[in-house]
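Enquirer: What shape does this take:
(one chain, ligands or ions: 2)
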Amino acid sequence: MRFWGIVGLVAVLFALTGFSPAGAHGNVDQMNDGCSASPTSAGNIEVFAPMGQSFKATVSKLFGVDLYLEDGSADGEGTTIRVTIREGTIDGSVVGETTSVVRDGTTDWWHFDFHKKPKLTPGATYVIQLSVDTNPPNPVSHQFLAAMTGSFLNPDPYLDGTRIEKGVPVSGDLCFRTYTNGK
Ligand SMILES: [Ca+2]
Ligand SMILES: [Ca+2]
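Expert: Ligands and ions are numbered 1, 2, ... in the order given. Sure thing, here's the model as predicted:
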């Protein structure tokens, strides 16, 4: 009886705040969701630096992003990954930045929240840059990879942007989602 009372209360809270459990990070604006089924490959974030993915925002505020990450070295240590949002290109002006300690052994979606929400111009192109944070220093073996999709049959799973490797746009797309409050 008490259990169902708590479930009911939670349901009412979600209804009041407008969030469903699945949408706890906000509403998805842009995404290449292909990795939920099967990432086709993955690139080492440090080897391919500067590495990222461009996207075209349709909203004016960015709450967070998801990236599909793979820890190539299960060494017992988490790794601090930095996400930088840039205007236009991977060397464009920084409009937002955040870090998260990604759990050792992760092969899954990982969520990054922005405490200071980046302001975006709807219709403009932005780049999500990923890097292994070196301040403070990480363990010696980082070996973090970002998963992507894109194949001969479907070379461009996300049409409004592309993957960036060593600073250069290349075919295929990183697996990502951007979140907003819908405005
Ligand atoms: Ca590790
Ligand atoms: Ca694309």
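
Enquirer: who's in contact with Lys61?
Expert: 117-120, 180-181, 183 (Cβ atoms under 8 Å, 6 or more residues apart in numbering). C-beta here means a position set from N, CA and C on the backbone, and glycine is covered the same way.

Enquirer: how about those in TSV, adding secondary structure, distance to Met31 and neighbour count?
Expert: As requested, these are exported to TSV (DSSP: H, G, I helix; E, B strand; the rest coil; distance: Cβ to Cβ, whole Å; neighbours: other Cβ atoms under 10 Å):
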residue	secondary structure	distance to Met31	neighbour count
Lys117	coil	18	16
Pro118	coil	17	20
Lys119	strand	20	10
Leu120	coil	15	23
Thr180	strand	12	21
Asn181	coil	16	14
Lys183	coil	18	8
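
Enquirer: first to last residue in stretch 52-66, what's the distance?
Expert: End-to-end distance for stretch 52-66, by Cα to Cα, to the nearest Å: 13 Å.

Enquirer: Repeat that for stretch 115-126.
Expert: Stretch 115-126: ends 18 Å apart by Cα to Cα.

Enquirer: Kindly report the same for stretch 36-55.
Expert: 19 Å.

Enquirer: And the contacts of the helix or strand Ile128 falls within?
Expert: Element membership for Ile128 (DSSP states H and E) is strand 125-132. For strand 125-132, the external contacting residues (Cβ under 8 Å, 6+ apart) are 45-46, 49-57, 65, 67, 79-90, 92, 95, 120, 138, 142, 144, 146, 160-161, 164, 174, 176, 178.
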